[in-house]
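1. Let me see the structure of the following:
(chains A and B)
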Amino acid sequence: MKHLLSTDGLDPAQATALLDTADTLKRTLLGREVRKLPTLRGRTVVTMFYENSTRTRVSFEVAGKWMSADVINVSAGGSSVGKGESLRDTALTLSAAGADLVIVRHPASGAAHRLAGWLEGTGTGVVNAGDGMHEHPTQALLDAATLRERLGTIAGRRIAIVGDVLHSRVARSNVHLLTALGAEVVLVAPPTLLPTGVESWPVAVSHDLDPELPALDAVMMLRVQAERMHGGFFPSAREYSIAYGLNERRFNQLPEHAVVLHPGPMLRGMEIAAAVADSPRAAITEQVRNGVHVRMAVLYHLLAGEEEAA
Amino acid sequence: MMLIKGVRLYGEGDPVDILVRDGVIAEIGPWLDAASTQELTDVEVIDADGLIALPGFVDLHTHLREPGREDTETIATGSAAAALGGYTAVFAMANTDPVADNAVIVEHVWRRGREVGLVDVHPVGAVTVGLKGEKLAELGTMARSQANVRVFSDDGHCVSDPLIMRRALEYTKALDGVIAQHAEEPRLTVGAQAHEGERAARLGLAGWPAAAEESIVARDCLLAKQTGARLHVCHVSTAGTVDVLRWAKERGTKVSAEVTPHHLLLTDERLATYDPVNKVNPPLRTESDVQVLREALAEGIVDCVATDHAPHAVQDKDCEWSAARPGMLGLQTALSIVVETLVRPGLLDWRGVARVMSEKPAEIAGLPDQGRPLAVGEPATLTLVDPQARWTVRGTELASIAGNTPFEGMELPGVVRTTMLRGRVTVSEGKVQS
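-> Numbers count the residues shown, from 1 in each chain, chains lettered A, B, ... in the order given. Below you'll find the model as predicted:
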């Protein structure tokens, strides 16, 4: 594995190996005072974020640092990117400067794929940390890690993804990964927030959340972005919240074992009631914690995997 | 004098010779040199054994980028690409910088075209000032200029305001002109990146729905019918538009339509690589759209092929998808794509190729001396095509400055050997004669 660009087409065995590594790393670090492994010493990891993101960038940075890699953060605002340099030139520059791995978040769908193409032959790998409305593979992996931890298995579990599926890279990556791992996925959203051709996806689709609740093993609430609220995709935040918000009444209709996930940042009261978000059955902070371990596993497989094999 | 030896007119019948004198087809017949040896002493002979003669092609939709983006194409390089593609006339779209929305710019383009002299360059005038869709440009002044503008278009933008469109249609009636509409309801394509369908949805590319094209075509057909004006629909890309055109034509609307070579061959399957060489507006559609467009062209519901030749600089294509400019080269590959998609599958014969590449576009634009029959007394404006030969497309080898061809590396049938504009050889053995 040289790049991690999407979960679409990711081999289930490969995905499981990543999750297993994340699990091992988590257990290795558990209770340690100094959370530092020497594994990636001397490796240079550059994060390149063209969109604001605290949680994902910090998660990758912590992951890299716990593995002893040198992590350098480049943000679009504070670099030549702001002066209009092309993505291609920036990538080639970072590669020439010695980056072993570039972690990119970009508003354009496909940006990470393009980057991987331009870096062909340079030895620099690419991790997609979110590209437009396309994919966010490490988010799906950390969601899978959390579900596996809470539920024991993913195969055969029924998982609802609720909200703005149309614009969500988290939803796309989760659909690919969870179905590849054998889960049943049901997408719940108003028709305006579902992608064209969703009928052909390997998922069930519903516009009504309530009847789905009793059969779910997990429910993943998606963030509703402010620009969608004003973009006419639904009449009002209030109506959305009434129809698709995970309030306490809905929460109580879920089976006892069901897990609540949210990729964050959350709009409390709108997508999810505060009491639900803070309930022990919500795994939202665990998702963040697992995010670091999953990203450590990704860095490990991309940067140290080949040496292990050789 | 020139003697074209052993050519088959429209790919039909036995080979004949064509004698060209003073830019006009003087004689057509077998063994002309044997028949009148004494007369034909000072004659240049073109060996056209195995070739097909067609009237010179006319492209209603070309972006020559001059003035403004001479780093990607000029009237000289675009004319060369056109001649090499078998064209003898091209219509240069108005979305230059500055915009061709006044007599000064259109006369400049027209004059540069004449200076280069490889093809007739007819400037298209903008419908509205600055292509902004708000206020009619001086259509009459452009029509009465030396450039003699008859085709008006805001191509790249849709004349989306129904009242402006109605006025434009009405007004051009007095000019014997035609409005060529880029049919795209802008409210339905905000941020659109690719054909709205399953493939774009999976790739996270914002959709450009078929209805955004079809709704404007339907509206404009109604307006054309209401006003009795002539409408031309640019780059038809969906099966639904074909249905609308069929309906409009059946009820006597004066509407014509063009399809691009790329919409006859490529589909949104190309999106998977995120390579913006495949980004174009309107976007590449589905396999079933492609099939319907081929049949519509053969049937005549879609009247002609137009390239929408759109050169772009490397930096505007070798970037992330959403940052890339839409458009692709087309002049030198158009004939081969038509042969590949229509002639070879048996949907169109060579006379049909003459119709969709030359006669119909000339008629739509009102060109009196293009798209004429290959007959004695007609202008010697023609192209000689080798139907058996194949060639491999290489962007760097095309005459355009830009190299953004989506057909890179494809081996295609049909090679233009010679192009002749009123008796003047502009291309000989696949080389420009400047």
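2. List the residues that contact the nearest residue to residue A:1 once chain neighbours are set aside.
-> Closest residue to residue A:1 apart from its sequence neighbours, by Cβ to Cβ, 6 or more residues apart in numbering or on different chains: residue A:301 at 5.5 Å. Quick note: C-beta positions are derived from backbone N, CA and C, even for glycine. Neighbour list for residue A:301: A:1, A:17, A:18, A:21 [criterion: Cβ atoms under 8 Å, 6 or more residues apart in numbering or on different chains].
3. Can you show me the helices along the stretch 51-200 of chain A?
-> A:55-66, A:87-96, A:111-118, A:137-151, A:169-180 (DSSP state H, counting those that start in this stretch).
4. which secondary structure elements does the last one contact?
-> Same thing as helix A:169-180. Under the contact definition 3 or more Cβ pairs under 8 Å, 6 or more residues apart in numbering or on different chains; DSSP states H and E, helix A:169-180 sits against helix A:12-29, helix A:137-151, strand A:158-162, strand A:184-188.
5. Other residues contacting it?
-> A:6-10, A:12, A:15, A:130-137, A:139-141, A:143-144, A:147, A:154, A:159, A:161, A:163-165, A:185, A:187, A:201-203, A:220, A:222, A:263, B:202, B:204.
6. Just the mean pLDDT for that helix, thanks.
-> Averaging pLDDT along helix A:169-180 yields 98.
7. Are we agreed that residue B:257 is in a strand?
-> Yes: membership of residue B:257 in a strand is supported by DSSP: H, G, I helix; E, B strand; the rest coil.
8. Let me know the pLDDT of it.
-> So, for residue B:257, pLDDT stands at 98.
9. And the one 5 residues further on, by the same measure?
-> pLDDT recorded at residue B:262 is 98.
10. Backbone torsions only: list them for it.
-> phi -70, psi -30 (degrees, to the nearest 10).
11. ok so, going back, for the helices and strands packed on helix A:169-180, give me JSON lines that also has distance to chain B.
-> Formatted as JSON lines, those follow (distance: least, Cβ to the nearest Cβ, whole Å):
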{"stretch": "helix A:12-29", "distance to chain B": "18"}
{"stretch": "helix A:137-151", "distance to chain B": "13"}
{"stretch": "strand A:158-162", "distance to chain B": "15"}
{"stretch": "strand A:184-188", "distance to chain B": "12"}
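12. Tabulate these (a markdown table), appending mean neighbour count.
-> Converted to a markdown table, these look like this (neighbours: other Cβ atoms under 10 Å in any protein chain shown):
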| stretch | mean neighbour count |
| --- | --- |
| helix A:12-29 | 17 |
| helix A:137-151 | 25 |
| strand A:158-162 | 24 |
| strand A:184-188 | 22 |
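13. got CSV for the ones you listed, with mean pLDDT too?
-> Listed next are the helices and strands packed on helix A:169-180 as CSV, based on pLDDT from 0 to 100:
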stretch, mean pLDDT
helix A:12-29, 96
helix A:137-151, 98
strand A:158-162, 98
strand A:184-188, 98
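14. Which of those sits closest to residue B:324?
-> helix A:137-151 (23.7 Å; Cβ to Cβ).
15. And the closest one, what does it pack against?
-> helix A:12-29, helix A:55-66, strand A:125-131, helix A:169-180, strand A:218-221, strand A:259-261, helix A:284-299.
16. Can you lay out the ones you listed as JSON lines showing distance to residue A:197?
-> Below are these laid out as JSON lines (distance: least, Cβ to Cβ, whole Å):
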{"stretch": "helix A:12-29", "distance to residue A:197": "24"}
{"stretch": "helix A:55-66", "distance to residue A:197": "28"}
{"stretch": "strand A:125-131", "distance to residue A:197": "20"}
{"stretch": "helix A:169-180", "distance to residue A:197": "13"}
{"stretch": "strand A:218-221", "distance to residue A:197": "21"}
{"stretch": "strand A:259-261", "distance to residue A:197": "25"}
{"stretch": "helix A:284-299", "distance to residue A:197": "29"}
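17. For residue B:425, find the nearest of the ones you listed.
-> strand A:125-131 (51.6 Å).
18. nearest to residue B:58, of the helices and strands packed on helix A:137-151?
-> Short answer: strand A:125-131, nearest of these by Cβ to Cβ, at 42.8 Å.
19. Would the closest one count as contacting chain B?
-> Yes: part of strand A:125-131 sits near chain B under the criterion Cβ under 8 Å from any Cβ of the partner chain, namely residue A:131.
20. That strand to helix A:169-180, inter-axis angle?
-> If you take axes from the mean of the first three to the mean of the last three Cα atoms, to 10 degrees, strand A:125-131 sits at 120 degrees to helix A:169-180.
21. now for strand A:125-131, which elements pack on it?
-> helix A:55-66, strand A:101-106, helix A:111-118, helix A:137-151.
22. Kindly reformat these as CSV containing distance to residue A:229.
-> Output for the helices and strands packed on strand A:125-131, formatted as CSV (distance: least, Cβ to Cβ, whole Å):
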stretch, distance to residue A:229
helix A:55-66, 21
strand A:101-106, 23
helix A:111-118, 26
helix A:137-151, 22
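23. right, so of those, which gets closest to residue B:241?
-> Judging the helices and strands packed on strand A:125-131 by Cβ to Cβ, what sits closest to residue B:241 is helix A:111-118, at 31.3 Å.
24. With adjacent residues omitted, what lies nearest to residue B:252?
-> residue B:225 (7.3 Å).
25. okay but the one you found is in contact with residue B:249, surely?
-> No: using Cβ atoms under 8 Å, residue B:225 is not in contact with residue B:249, being 10.5 Å away.
26. can you pull out the helices in chain B?
-> Here chain B has its helices, by DSSP state H, at B:32-35, B:75-84, B:103-116, B:139-144, B:162-173, B:198-203, B:210-227, B:239-250, B:261-265, B:287-299, B:334-338, B:350-354, B:360-365.
27. Turn those helices into CSV, including mean neighbour count.
-> Converted to CSV, the helices of chain B look like this (neighbours: other Cβ under 10 Å):
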stretch, mean neighbour count
helix B:32-35, 14
helix B:75-84, 27
helix B:103-116, 19
helix B:139-144, 19
helix B:162-173, 19
helix B:198-203, 22
helix B:210-227, 21
helix B:239-250, 19
helix B:261-265, 24
helix B:287-299, 18
helix B:334-338, 27
helix B:350-354, 20
helix B:360-365, 23
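28. Can you name the residue of the stretch 151-300 of chain A nearest to chain B?
-> Residue nearest to chain B within the stretch 151-300 of chain A (Cβ to the nearest Cβ): residue A:197, separated by 3.0 Å.
29. so how far is chain A from residue B:106?
-> Relative to chain A, residue B:106 is positioned 33 Å away (Cβ to the nearest Cβ, to the nearest Å).
30. can you pull the contacts of that residue?
-> By Cβ under 8 Å, 6+ apart, the residues touching residue B:106 are B:100, B:123, B:125, B:142, B:145, B:147, B:149.
31. returning to what we had before: from chain A, how far out is the residue nearest to residue B:252?
-> Distance from residue B:225 to chain A, by Cβ to the nearest Cβ: 32 Å.
32. cool, residue B:164 as well?
-> Residue B:164 is 25 Å from chain A, by Cβ to the nearest Cβ.
33. residue contacts, the nearest residue in space to residue B:113 that is not next to it in sequence?
-> Among residues not flanking residue B:113 along the chain, residue B:121 sits closest, at 2.5 Å (Cβ to Cβ, 6+ apart). By Cβ under 8 Å, 6+ apart, residue B:121 lies in contact with B:64, B:75, B:79, B:89, B:90, B:92, B:109, B:110, B:112, B:113, B:114.
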